[in-house]
Structure formats: C-alpha cells, structure tokens
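Undergrad: Below is the sequence, then the predicted model.
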2 protein chains.
Amino acid sequence: MKAEIIAVGTELLVGDIVNTNAQFIARELFSLGIDVFYQTVVGDNPKRLTEAIEHAFSRADLVIFSGGLGPTEDDLTKETVSAYFGVPLLFHEEIWTQIRTYLKDACPESNRKQACIPQGGRILSNYCGTAPGVIVEQGDKIAILLPGPPRELMPMFTKQVIPYLEEKSAFVMRSKILRLFGIGEARVGEELADLMACANPTVAPYAKDYEVILRIAAKAENGDAADVMIEQMEQKIRNRIGEYVYGYGEETMAKTTGMLLLSKGLTVACAESCTAGLLTGALGDIPGISAVLQESIVTYSNEAKIKYLGVSPDTLRTYGAVSRETAEEMARGIQAKTGAHIGISVTGIAGPDGGTAEKPVGLVYVGVCYQDCVTIRALQLKGDRLQVRQSAVMHALDEVRCRILAQEG
Amino acid sequence: MKAEIIAVGTELLVGDIVNTNAQFIARELFSLGIDVFYQTVVGDNPKRLTEAIEHAFSRADLVIFSGGLGPTEDDLTKETVSAYFGVPLLFHEEIWTQIRTYLKDACPESNRKQACIPQGGRILSNYCGTAPGVIVEQGDKIAILLPGPPRELMPMFTKQVIPYLEEKSAFVMRSKILRLFGIGEARVGEELADLMACANPTVAPYAKDYEVILRIAAKAENGDAADVMIEQMEQKIRNRIGEYVYGYGEETMAKTTGMLLLSKGLTVACAESCTAGLLTGALGDIPGISAVLQESIVTYSNEAKIKYLGVSPDTLRTYGAVSRETAEEMARGIQAKTGAHIGISVTGIAGPDGGTAEKPVGLVYVGVCYQDCVTIRALQLKGDRLQVRQSAVMHALDEVRCRILAQEG
C-alpha cells in the first residue's frame, strides 16, 4: 500500500505553524510498513486542494488529510473530498447532538457543517474536539480525514486509524521506545546499522536533545507475535549498547530518576550553581515528588556556597568554584544541611563568557553524595548556554540514577 | 511571483524529523509578499524528485529546495535540478578549497561533490557547514537550493536569499517582531482583524506558549520607507493593545526582565514552591546575570518555608501554603534573608493532583517584594503540570518587570 499525506491549511503555507502532524503520521505509517513517497501542504482553497487530491490518488492508494474540518468558511476538506469521490455530504443528527453537548450548547450554527459526513464514510470520534474524522473508501482508494489540531489528531489516529489500517492489512503493529543516554546518535547508527536496515521489525532513531530515542516497531499476525519480535530486537540492541538504555516510552530521565527516588523513599536536595534551578525544576515536574523533595538551594555566588553549604573559602580560592573539590563540598554540604538521603551538586561554566584555557566553556562538575560517599562526574559539555545547563541536568539525574541502581545491584 | 517549497529528504518522509525549514521559508516568503500555494516533501529519489520539480514549475516561477546537498550517495538535489534544467554540474576548485579548510583537511573525497555547482548557478556561501547553496535561473524559472540543516539554511536565506529576492522585485523587506504577554491570541485576532488583513505591511501572529508574537513586515522601495511603514503599523497596534507589548525580537520575558535588573543594578532572589527552580533557572539563562543573582531557594515543603523564609506556621495553618498571605510572607522572607533588592515568591497547585473546590489545580500566587512593598498576582492558570509552572514563571517575571517600570514612571 502506498500512502500520501496532505496537510490542509493556509496557516501552514504562510509559516504560522510548523507541520508536526505530517511527522506524526509519517512515523506511524513507517512503523505500519506503509510507504510514503510524498507529503503535500496546500491551503484552504478548493481548486488547489482538488488538484492535490487528484495528483495524490494518481500515485497512491491511501491519502491521509489533516486540517480543514473546522466550522468556518475556510474549512473545506470534507466538501472537496466528497466532490472528488462524487458523493454527497449527509447531515448526521447524532453527531450534531454530540457537538452541542461538547460545546455545552454555546454552539453556533456554523458548527452544523461539522456534523456532515460524506455518504458511506466511516466516522472517527474526536475525543478532544468537535470535528469527527472520516474514512472514505471507493474502489481501491482510501481517504482518511483528520482534524488539524495535533491534540485531536493524535489520539484519533492512535485509537482508531491504526486499528483500521491493521485490519486492512490483516496484521497488527506494536511498538516500543527505548531511551538511551551517554551515547551519540552517530555511534548508535554505527553499532546498529544492520538492525536499522531491517524491514520488520523496524528500528528508527528520533532526534532528541541530549539523548537518543529508538523506536522498535513490529508487524505480525497478532499482538503476541509482534511483541515477541520486539523483545528479540530489543535484546539484540541491548547486547550491543544496553548499558546506555535508561528507560522506555515517555519515561524521561527526570521521570525515571524521580520515580526511582519515590519508589525507594530516598529524599533528595540539590545545590545548583550554573543550572540555577533547572535541575530541581526538572524533578519538580514529577507529580508526587514532594514526598522526596523538600528544599533545594541555588548557590549562584561563591558567598552563597559558603553561607548555605559550608564550602570552604580556601577550597574556592585554591581550586575555584568550578572544580571537583568544590562540587564535592557542595554535595556534602547540601546533604548535611538538609538531611536528605542524597545531595546533588552542579557547578560549571555555561558560557558564552567565563571560559579560560584551563577551564573552558562547557566544563561542568556534577557531584552526588549518597551514603556518605561522593562521586563526581567531570564533564565537557557542548552547545550554547542553555544547552550546557540542560545537558548538565541530564547528567546529574543520570548520576543519581546510576548511584541508586549500583547500590541495589 | 508564485513560489513552491520542496523539502528533500527521506528522514522527513518517515517522520524522523519535523519540517521546520518549510515553516521558516514560508514565513519569509509571506513577509516578502511572495505567494506560496503548495509545499512538498519528497525523498532522496531522483525520479520522484524530478516529478516534483516538473509539477512545481508547471504552477510556479520560483521553487525553493531544502536538503539533499550533502556528501553522501543519497544527496541528489543538485544533480536532479541540473538535469531538469539541462545544464552540467561543474567542479569549482575554490569551493573545494573552502570545504577542505572548513573540515580542516579531515575531508573525505565524498565531499568533492559538494564543490560541484550547476553551470551558470549563483553560489550561496554556507556560514556553518560545507554545502554551498545555489541559485539557478533559466528563462522565468528560478530554483534556489539550500542545505537541509536549519542552522545552515536560515543564515544563508536571511543573508543572501532575501537580498536576492528583494533585488528581483525591486523592493526591500523589513520586519519587526512585537512580543505580547497577558492577552490571548483570539483577542489579539479580534482587536487587530483589519490590520491583519492588510497586504503591505503584513501583520502575522506566531503561535507561542504563554505569549503572543506578532511580526510586522513591510515591502518598500528602500529600507527607510519600509521602516516608516513598520513604525506606523506598530503605532496602530500599540494604540489598541500596547499595554500588552513587553518586548521586541528575540527578547524573551526572561531576557527582558533580566536585562532590566542588570541595567538598574537591582539584585533579585526567588523563593519558589511549585515552580521548583524554573523561575531562577529562567533568569540563569541570561549571560552576566550573576551580577544581580546570588542565591535562590526552592522551599517546596511547608517546613522549608518556615525554616528558610520565616513564614509563620500560623499563616500556613490558617490560609494554607497556596494563599496570598503565604506568598506575601515568602516574598518578604526571601528579600529579608538575602538582602536582595527584589524578592520573588511563587506558590501554587501545579496539578494534576492537589486541587480542591476552593483551591483548584492552576491556582498560583506570585509575590514581588520591592522597596518594602509586596504586590501579589492571584492567577488561575491553564494546562498540565509543566504548563502551569512555566506560565507561573512568565507571570512572576512580568510582575517584576512591571514593578520596576512602575517605579520609573
């Protein structure tokens, strides 16, 4: 099956927004083993949309549309697709009732068009909005119409379009995400080159800041068979680079470390210099973190390091604020001051200024004090000021994670 | 002039990356007054790329390509465009020398193809990479080939393509960005509806989290005339919603507030609860901020608020941690403890749990203590946990900004 993606919307043509829907849909189709050779963006213009549809169906069997299902005059996808297929649009009373319920009767008449569906079309429920999606089949052509807003399109696609496509192809698709830290994308590509060339299951990298995300996707006759294929592929990946795998799915480094702290009841406190609160802020994104996080201090100046953490003025004078020695005293200091199980310190040169030959921009020390033992990561991080700081946060969380797991094992 | 955008790259087709280049180019063309009716994504396949080129030039005069200028076998944009135009690719020794210099002689022979340019093509220098861009003209057709990586494409476009297009059209384009906070996009659209319908200058909104960005772009015979048009449009906007304009260009709220603190030598310290360090972290992104930021405290628990800030246990018992009263004591407390000119406090319910009927999720109080006077913003913020916290950071910075400016005026 060959597919094309058509994103409808003048806001895309004039660059008001970026086309994240195309990426999302493309990624899902790739995992389903459906080839996509073209993606198109066209405006809210029936003539040009018709031209795009005709061109797409001359090359592909499946065309997926996003956008143009709204209540305004500019929203024309259903009308144009219906005209292309030569079928009328029919008003569905039950959809109109649903729309009015969703909008709590503050519902302009203009929304009525959203309750119209091409004759014979299969309705896709919208969990987070008013516009239902539609699947229209005619001969060997399939058109899938989805709402523009990503938060409406994505659940509709995941919950209804994927099962539909699986059914069409008599297979099911399962996927699993591995999250890796401490290894670069180029090296992952080298280590897994042959696995990434595999057609089923597929292994695809996502570009992410500071980490590498791998998505394993398998197609099989049923879910269990697909899961087995994924496990086997995961094992192959782990055999080669397993030490870098820190989590799955949406479990970010912050979430992974936060959940580890919570599950073990280990309290934590941070003494932050260059990260200036981003480390504690990352932990703060975990619901329930208050059970293990009560306080942290941003000790941005040398005086603050002395005052709050008991860092020795001699140490600062001899080794400087950005040093292994200061990082150790900060970690011990915050642990002692707060009584937390784990004290974390970060001190570094985020840039763009402040670097020297001996201590260049990007030099960062992370300290973790746990069970009276301090480990230090000495890092040379790349990127601009924000990137150095965010990378430092990742390393700090990873060091905590590794220390706790080392204690277990 | 009608233009189309063709992004070349299989990584786009399979959803590995999102097409930010198309948005960037589209936005620039819109500001230049050049119509774009279609955007296409095609893979690293000469047959399909040729088809896309033919189709595009059947409808448009100008086609802008991104991607496919790299040194690998998959990089085929120059070859395919040259074949379309029926011109040979010529090797340019001086470009090869530049490439070898840029890569410091660690330069594989495969990079040689990057030194080949379609005969008659105008070379566009690459400030941040090895692949030069090219402009090819034939009859009334223009093809502009740009490298795929956004950090290479964007400066090349801004510094060389825009002047070229201005020259072609005998006009120049200038633009100015206004940043607004405290007003929603829908209301901006209503207030400025007639201005947004204007063809020259144009006023276009960008979708942004927590704020509204407006871009005014004017075309005129020369820069001064364009600047005058922009000023006049800016004045019209300010007459209607000027109170919400807080900055220009890339001056984020954090940068605007940070620069204000630095310029006035006003030191600041934060007492953060739900934001857990994100507020201080935002200020920490401003180079040189250490001149006015020495310390902040994340007082996540009630005990920490008492211990570090002297918040009264009675206040916490009577009004709760998330209250105007606690926010005031936190702001006074951090100011007194640190001796900073300005003390900022944030306390709230970020969610998803912790809300009640009286104090729902999203309830946040921001306090600013300055010159012994505390002002409180009582907020009901929308979104998930991270959105509530980041929105709170914006409000806190804005309150500081407003307090300082009120003191001036």
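TA: Structure received.

Undergrad: Please make it C-alpha for all contacts and neighbour counts, starting now.
TA: OK.

Undergrad: Provide the count of other residues in contact range of the residue nearest to A:Leu103 when sequence neighbours are not counted.
TA: Leaving aside its chain neighbours, A:Leu103 sits nearest to A:Thr130 (7.8 Å; criterion: CA to CA, 6 or more residues apart in numbering or on different chains). By other CA atoms under 10 Å in any protein chain shown, the residues close to A:Thr130 number 24.

Undergrad: what do you get for A:Ser58?
TA: There are 9 residues near A:Ser58, going by other CA under 10 Å.

Undergrad: For it, give its distance to B:Gly129.
TA: 38 Å (CA to CA, to the nearest Å).

Undergrad: sorry, back to before: is it fair to say the residue nearest to A:Leu103 lies in a helix?
TA: No - counting by DSSP: H, G, I helix; E, B strand; the rest coil, A:Thr130 is not part of a helix but coil.

Undergrad: Just the pLDDT at it, thanks.
TA: For A:Thr130, the pLDDT comes out at 85.

Undergrad: For A:Ser110, see how far away it is.
TA: From A:Thr130 to A:Ser110 the distance is 12 Å (CA to CA).

Undergrad: Could you do A:Ser301 as well?
TA: 59 Å.

Undergrad: cool, and A:Glu231?
TA: From A:Glu231 to A:Ser110 the distance is 50 Å (CA to CA).

Undergrad: How about A:Asp224?
TA: Applying CA to CA to A:Asp224 and A:Ser110 gives a distance of 46 Å.

Undergrad: What of A:Met330?
TA: Relative to A:Ser110, and taking CA to CA, A:Met330 is found at 62 Å.

Undergrad: and those two? which has more neighbours close in?
TA: Neighbour count, other CA under 10 Å: between A:Met330 and A:Ser110, A:Met330 has more, with 34 against 11.

Undergrad: Burial check on A:Leu379, number of neighbours?
TA: Residues lying near A:Leu379 (other CA under 10 Å) number 16.

Undergrad: secondary structure class for it?
TA: Following three-state DSSP, A:Leu379 is assigned to strand.

Undergrad: what's near enough to touch it?
TA: A:362-366 (CA atoms under 8 Å, 6 or more residues apart in numbering or on different chains).

Undergrad: quick one: which of the residues you listed is nearest chain B?
TA: Closest approach between the contacts of A:Leu379 and chain B, by CA to the nearest CA: A:Gly362, at 13.8 Å.

Undergrad: List phi and psi for the residue of chain A found nearest chain B.
TA: Nearest residue of chain A to chain B, counting by CA to the nearest CA: A:Gly277, 3.9 Å away. When quoted as degrees, to the nearest 10, the phi and psi of A:Gly277 stand at phi 120, psi -10.

Undergrad: What sits closest to it if chain neighbours are left out?
TA: B:Gly277 (3.9 Å).

Undergrad: Run a quick check on that neighbour versus A:Ser273, I expect a contact.
TA: No - contact between B:Gly277 and A:Ser273 fails when scored by CA atoms under 8 Å: they sit 11.6 Å apart.

Undergrad: interface residues of the stretch 251-400 of chain A facing chain B?
TA: With the criterion set to CA under 8 Å from any CA of the partner chain, the stretch 251-400 of chain A comes near chain B through A:274-281, A:284-285, A:287, A:290, A:293-301, A:303-304, A:351-353, A:385-386.

Undergrad: PyMOL command to pick out the buried ones of those?
TA: The following PyMOL command selects only the buried members of these, with burial defined by 16 or more other CA atoms under 10 Å in any protein chain shown:
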select buried, chain A and resi 274+275+276+277+278+279+280+281+284+285+287+290+293+294+295+296+297+298+299+300+301+303+304+351+352+385+386
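
Undergrad: So which of the residues of the stretch 251-400 of chain A next to chain B belong to strands?
TA: A:295-299 (DSSP state E).

Undergrad: A:Gly354 touches A:Val361, doesn't it?
TA: Yes - if you go by CA under 8 Å, A:Gly354 and A:Val361 touch, sitting 6.7 Å apart.

Undergrad: Please enumerate the strands of the stretch 151-300 of chain A.
TA: For the stretch 151-300 of chain A, applying DSSP state E, counting those that start in this stretch gives strands covering A:172-180, A:202-207, A:212-220, A:245-248, A:268-272, A:295-299.

Undergrad: Would you tell me which of those strands gets closest to A:Ala406?
TA: With CA to CA as the measure, strand A:245-248 is the member of those nearest A:Ala406 (13.4 Å).

Undergrad: What is that closest one packed up against?
TA: Counting by 3 or more CA pairs under 8 Å, 6 or more residues apart in numbering or on different chains; DSSP states H and E, the packing neighbours recorded for strand A:245-248 are strand A:172-180, helix A:253-264.

Undergrad: Dump those to TSV, plus mean pLDDT and mean neighbour count.
TA: Shown next, in TSV, are the helices and strands packed on strand A:245-248 (pLDDT from 0 to 100; neighbours: other CA atoms under 10 Å in any protein chain shown):
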stretch	mean pLDDT	mean neighbour count
strand A:172-180	92	21
helix A:253-264	98	20
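
Undergrad: Distance to B:Ala143 added to these, as JSON lines?
TA: JSON lines is the format used below for the helices and strands packed on strand A:245-248 (distance: least, CA to CA, whole Å):
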{"stretch": "strand A:172-180", "distance to B:Ala143": "40"}
{"stretch": "helix A:253-264", "distance to B:Ala143": "44"}
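
Undergrad: Give me the outermost residue of chain A relative to its centroid.
TA: A:Asp314 (44.8 Å; CA atoms, centre = their mean).

Undergrad: can you pull the contacts of A:Asn126?
TA: Taking CA under 8 Å, 6+ apart, we find A:Asn126 in contact with A:132-133, A:152, A:156.

Undergrad: ok, A:Lys305 touching A:Glu329?
TA: No - using CA under 8 Å, A:Lys305 is not in contact with A:Glu329; the gap is 9.1 Å.

Undergrad: When those two are compared, which one has more neighbours?
TA: Taking neighbours as other CA under 10 Å, A:Lys305 and A:Glu329 compare with A:Lys305 leading, 28 against 22.

Undergrad: Just give the nearest non-adjacent residue to that one, would you?
TA: Counting by CA to CA, 6+ apart, the residue nearest A:Lys305 is A:Thr299, at 5.3 Å.

Undergrad: ok, then the element right after the strand or helix carrying A:Ile334?
TA: In this assignment (DSSP states H and E), A:Ile334 forms part of helix A:324-338. Counting by DSSP H and E, the element after helix A:324-338 in chain order, helix or strand, is strand A:342-348.

Undergrad: Give me the below-cutoff pLDDT ranges for the stretch 201-350 of chain A.
TA: Along the stretch 201-350 of chain A, the parts satisfying pLDDT under 70 run over A:207.

Undergrad: go with 90
TA: Across the stretch 201-350 of chain A, the ranges flagged by pLDDT under 90 are A:204-209, A:219, A:250.

Undergrad: Any idea which residue is closest to the centre of chain A?
TA: Nearest residue to the geometric centre of chain A (CA atoms, centre = their mean): A:Glu250, 6.8 Å.

Undergrad: hmm, back to that, distance of the residue nearest to A:Leu103 relative to A:Thr101?
TA: For A:Thr130 relative to A:Thr101 (CA to CA), the value is 10 Å.

Undergrad: next one: A:Glu109
TA: Distance, A:Glu109 to A:Thr101, by CA to CA: 14 Å.

Undergrad: ranges for the helices of the stretch 1-150 of chain A?
TA: Remark: helices assigned in the stretch 1-150 of chain A by DSSP state H, counting those that start in this stretch are A:10-13, A:20-31, A:46-57, A:77-85, A:93-102, A:150-156.

Undergrad: would you list those in TSV and tack on distance to chain B, mean pLDDT and mean neighbour count?
TA: TSV is the format used below for the helices of the stretch 1-150 of chain A (distance: least, CA to the nearest CA, whole Å; pLDDT from 0 to 100; neighbours: other CA atoms under 10 Å in any protein chain shown):
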stretch	distance to chain B	mean pLDDT	mean neighbour count
helix A:10-13	6	90	23
helix A:20-31	4	93	22
helix A:46-57	8	96	16
helix A:77-85	16	97	19
helix A:93-102	19	88	16
helix A:150-156	13	95	18
